[in-house]
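# 3D, please:
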Amino acid sequence: MIILHALVGIIAFAGAGVMSISFAGHLNQLSKVQKWSIIITATTIGITAVLGLYSATGIIGAVVSLILLAGFEYFCFFKEPKQDHEYSH
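Numbering: from 1, shown residues only. Have a look, this model is predicted:
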């Protein structure tokens, strides 16, 4: 039962990561409710993974995974996308 729980958690974590990457740079096209629901979903699943790593590896694993989670969420949700410069001739 514990293995099944871990497997479902890993799948949810991977799904939240893929969802976050797919919306990177496009959040401005969504409504505020849609934007924050995506951010909150990814954050809570990420924090659940951080707590799981804390129970498995201790405080060092939790701190490292929390830093990685913060960087990932900044890249996906808060960093402005690079603008492609189109030159018309």
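
# where in this structure is pLDDT low?
Across the chain, the ranges flagged by pLDDT under 70 are 81-89.

# for it, just list every one of the helices.
2-23, 32-57, 59-73 (DSSP state H).

# reformat those helices as CSV; add mean neighbour count and distance to Glu80.
C-beta coordinates here come from the backbone N, C-alpha and C atoms, glycine included. Shown next, in CSV, are the helices of the chain (neighbours: other Cβ atoms under 10 Å; distance: least, Cβ to Cβ, whole Å):
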stretch, mean neighbour count, distance to Glu80
helix 2-23, 13, 14
helix 32-57, 15, 14
helix 59-73, 14, 15
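
# let's have these in a markdown table, adding distance to Lys79.
Below are the helices of the chain laid out as a markdown table (distance: least, Cβ to Cβ, whole Å):
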| stretch | distance to Lys79 |
| --- | --- |
| helix 2-23 | 12 |
| helix 32-57 | 13 |
| helix 59-73 | 10 |
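
# does Phe13 touch Ile45 like I think?
Yes. Using Cβ atoms under 8 Å, Phe13 is in contact with Ile45, at 5.7 Å.
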